[in-house]
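Participant: Based on what follows, work out the 3D shape:
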Amino acid sequence: MRILIIDDDPAILSSLRMVLEYERHDVVWATTAEAGLALFECAAPDVVLLDVEMPGIDGLDVLRRLHATHESTPVIMMSAERLATSEAMCAGAAAFLEKPFKSTADLLKGIKAAMCAA
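Facilitator: Purely as a prediction, here's the structure:
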């Protein structure tokens, strides 16, 4: 499975990449919303892990843009702010993961659930 991660936090990005690559997923990543949108078009990911709070274009705007043109690709929103959960789900997120992740198992379970729901 090809997974696109869009997150501006290098520590989160690094840990997600490590876990997902260990699980034999093909991982591509971007550290800005703009780069993530461009990468989405050429990488054709099966699922997107997207941070809510980023400088410039925020994750909810990226979610809306992706959902408008690629509704079948599940987007899993990530944030430390639980208040963003309902807004993300209303905007079309397949799932919401709260940072910091409780465990690798919870992260992988969230990705699998989003893929099954799509």
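
Participant: Just list whatever residues bridge to the closest residue to residue 45 other than its chain neighbours.
Facilitator: What sits nearest to residue 45 in space, not counting adjacent residues and going by CB to CB, 6 or more residues apart in numbering, is residue 4, at 3.8 Å. C-betas here are computed from N, CA, C, even on glycine. Under DSSP bridges, the beta-bridge partners of residue 4 are residue 28, residue 48.

Participant: wait, what's in contact with residue 4?
Facilitator: With contacts defined as CB atoms under 8 Å, 6 or more residues apart in numbering, the neighbours of residue 4 are 28-30, 36, 39-40, 43, 45, 47-49.

Participant: Which two of these have the greatest separation?
Facilitator: Among the contacts of residue 4, the pair separated by the greatest distance (CB to CB) is 30 and 47, at 14.4 Å.

Participant: Only alpha carbons, please: show stretch 23-39 as PDB.
Facilitator: Provided in PDB are the C-alpha atoms of stretch 23-39 (Å, rounded to 0.1, in the frame of the first residue of the first chain):
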ATOM      1  CA  GLU A  23       5.200  -2.800   8.000                       C
ATOM      2  CA  ARG A  24       6.300  -2.900   4.300                       C
ATOM      3  CA  HIS A  25       4.300   0.000   3.100                       C
ATOM      4  CA  ASP A  26       5.500   2.300   0.300                       C
ATOM      5  CA  VAL A  27       5.700   5.700   2.000                       C
ATOM      6  CA  VAL A  28       6.000   9.100   0.400                       C
ATOM      7  CA  TRP A  29       5.900  12.300   2.400                       C
ATOM      8  CA  ALA A  30       5.800  16.100   2.300                       C
ATOM      9  CA  THR A  31       6.400  18.700   5.000                       C
ATOM     10  CA  THR A  32       4.000  21.400   3.600                       C
ATOM     11  CA  ALA A  33       0.500  21.300   2.300                       C
ATOM     12  CA  GLU A  34       1.500  22.700  -1.000                       C
ATOM     13  CA  ALA A  35       4.100  20.000  -1.600                       C
ATOM     14  CA  GLY A  36       1.700  17.300  -0.300                       C
ATOM     15  CA  LEU A  37      -1.000  18.400  -2.800                       C
ATOM     16  CA  ALA A  38       1.500  18.200  -5.700                       C
ATOM     17  CA  LEU A  39       2.900  14.900  -4.500                       C
END
